[in-house]
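Novice: Sequence plus predicted model, see below.
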Amino acid sequence: AQAEKGGYDHFMLKEIHEQPRALKDTLSGRIAPDGSRVVLNEINIPQEQLQQINKVVITACGTAFHAGLVGKYVIETLARIPVEADIASELRYRNPLIDKNTLVIVISQSGETADTLAALREARRKGARVIAVTNVVDSSVARDADDVLYTWAGPEIAVASTKAYITQLLSMYLLGLYLAQSRGTLEDKEITQIITDLRKLPDKVASILENGTNIKEFVQKHCNCEHAFFIGRGLDYAVAMEGSLKLKEISYIHAEAYAAGELKHGTLALIVKDVPVVALVTQQALYDKTVSNIKEVKAREATVLAVASRGLEEVAKVADEVLYIPRTHQMLTTILAVVPMQLLAYYMAVSRKCDVDQPRNLAKSVTVE
Ligand code: G6P
């Protein structure tokens, strides 16, 4: 088993380090040689049907659902179509408003999650076109969908999803661009710019992995905490939800993600001296707003670890510690910001002597309800 871990202590750490490669493989062959367009040959929706789509519904469970939340934001922004993201176990029982003009995107690493598969079948029964985003070739979800966009993360062994998630995020950007191209909602130069920045992401993820050390210091200080909070706005909120889930799953620390602007409506009551708060600050347009939320938790003496984009260094004045991620297109920050979230959860779990790869009560794939 040690050999299978490729020299790493756990599969999770190995898989975190495989992310640059996983991103490259998922991008490979999906961009025109001149970098001007996304090309998804595996998706065969007739042009006529594409034009009729008036709503997108994204459904998934767990970490894959968090990729769906990013998908909602990205597809709405790029392709200007209303997008709903819903947990599969909710969607399947609520008689959702889905018809032949709905495009349903189902996300599943394993392609075998019972609720996700049931939601897919329900969507097809209602006449929707269904695209599956999955990591397992010929999985049930892949077989039952109309079109399949494979993530090429390779086999994921650790229960907590990392490299599969990052390739699901990338797939949301690819689908967003694909839909934008077919609907003409973006100018050519915007598409080219986003693609240029997308292609640089694997190397940027690699650079974050090379500088992972200050996370260990933060972990040393806070590994005995009972509660932790994750805050952010917009895309940063979606990443906060994933950061919180990762921490819960493998370190058993109670964690909550909050849209930073919602703090005042409840969570602030729980912010006391030394509680760790992870603040995501990657969105220039929301920078001032999030900084004022950081000040609110600092006023209650929380300890703030900010994860911020380069260029937003002013955050160091309000946070206790800052981990910087490289600059990229404002919409692509999720792929970089999630990496410190994964490392934080990983090192917390290790220092609390938890079973990182096999957390209690959890399974890699939930094939029964
Ligand atoms: C389980 C796993 C999670 C995963 C979720 C959905 O809960 O522990 O890591 O995100 O199932 O799995 P799927 O294979 O459908 O992505």
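Specialist: Alright, I've got the coordinates.

Novice: Other residues contacting the lowest-mean-pLDDT helix or strand in the chain?
Specialist: Every helix and strand of the chain was ranked by mean pLDDT, DSSP states H and E. The lowest is helix 213-222, at a mean of 85. Outside helix 213-222, the residues that touch it by C-beta atoms under 8 Å, 6 or more residues apart in numbering are Ala228, Pro276, Thr303, Leu305, Glu321, Leu323, Pro340, Leu343, Leu344, Tyr347, Met348, Ser351. Glycine gets a C-beta too; all of them are placed from N, C-alpha and C.

Novice: just the CA coordinates of that helix, formatted as CSV?
Specialist: The C-alpha trace of helix 213-222 is given here as CSV (Å, rounded to 0.1, in the frame of the first residue of the first chain):
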residue,chain,number,x,y,z
THR,A,213,4.4,25.5,4.7
ASN,A,214,2.7,28.3,6.6
ILE,A,215,-0.5,26.3,6.7
LYS,A,216,1.4,23.9,9.1
GLU,A,217,2.0,26.7,11.5
PHE,A,218,-1.6,27.7,11.6
VAL,A,219,-2.5,24.1,12.1
GLN,A,220,-0.1,23.8,15.0
LYS,A,221,-1.9,26.6,16.7
HIS,A,222,-5.4,25.6,16.1
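
Novice: Show me what counts as buried in that helix.
Specialist: Judged by neighbour count (16 or more other C-beta atoms under 10 Å), helix 213-222 contains these buried residues: Ile215, Phe218, Val219, His222.

Novice: for this protein, which helix is longest?
Specialist: Ranked by residue count, the top helix of the chain under DSSP state H comes out as helix 188-210.

Novice: Is whichever residue of the stretch 151-300 of the chain sits closest to the ligand in a helix, a strand, or coil?
Specialist: Closest approach between the stretch 151-300 of the chain and the ligand, counting by C-beta to the nearest ligand atom: Ser161, at 4.0 Å. Per DSSP: H, G, I helix; E, B strand; the rest coil, the local secondary structure of Ser161 is coil.

Novice: Out of all residues in this structure, which is the farthest from the middle?
Specialist: Glu48 (31.1 Å; C-alpha atoms, centre = their mean).

Novice: Assign it to helix, strand or coil.
Specialist: helix.

Novice: now swap in Tyr258 and tell me
Specialist: Going by three-state DSSP: Tyr258 is strand.

Novice: That one and Phe229 touch, don't they?
Specialist: Yes - counting by C-beta atoms under 8 Å, Tyr258 touches Phe229, with 6.4 Å between them.

Novice: Touching both of those two, which residues are there?
Specialist: Common contacts of Tyr258 and Phe229 (C-beta under 8 Å, 6+ apart): Thr267.

Novice: what residues are up against the residue nearest the centre of the chain?
Specialist: Nearest to the mean C-alpha position of the chain, counting by C-alpha atoms, centre = their mean, stands Ala67 at 4.0 Å. Counting by C-beta under 8 Å, 6+ apart, Ala67 makes contact with Ala60, Ile107, Val133, Tyr165, Gln168, Leu169, Ser171, Met172.

Novice: got it, and Ala32?
Specialist: So Ala32 contacts Val38, Val39 (C-beta under 8 Å, 6+ apart).

Novice: Would you mind measuring from it to Asp188?
Specialist: 12 Å (C-beta to C-beta, to the nearest Å).

Novice: Now for these two: what residues contact both?
Specialist: With C-beta under 8 Å, 6+ apart, Ala32 and Asp188 have no common neighbours.

Novice: hmm, back to that, and the buried ones among the contacts of Ala67, selectable in ChimeraX?
Specialist: Of these, the buried ones go into a single ChimeraX selection, burial set by 16+ other C-beta under 10 Å:
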select :60,107,133,165,168,169,171,172
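
Novice: which one of the contacts of Ala67 is nearest Tyr8?
Specialist: Here the nearest of the contacts of Ala67 to Tyr8, counting by C-beta to C-beta, is Tyr165; it sits at 18.0 Å.

Novice: can you map out the helices along the stretch 201-350 of the chain?
Specialist: With DSSP state H, counting those that start in this stretch as the criterion, the stretch 201-350 of the chain has helices at 213-222, 235-251, 287-299, 333-351.

Novice: For the stretch 51-200 of the chain, what lies in contact range of the ligand?
Specialist: Cys61, Gly62, Thr63, Ala64, Ser108, Gln109, Ser110, Thr113, Thr116, Val159, Ala160, Ser161 (C-beta under 6 Å from any ligand atom).

Novice: Return the subset of those lying in strands.
Specialist: Among these, the members found in strands (DSSP state E) are Ser108.

Novice: Most widely separated two among the residues of the stretch 51-200 of the chain next to the ligand?
Specialist: Most distant of these, by C-beta to C-beta, are Thr116 and Ala160, 17.7 Å apart.
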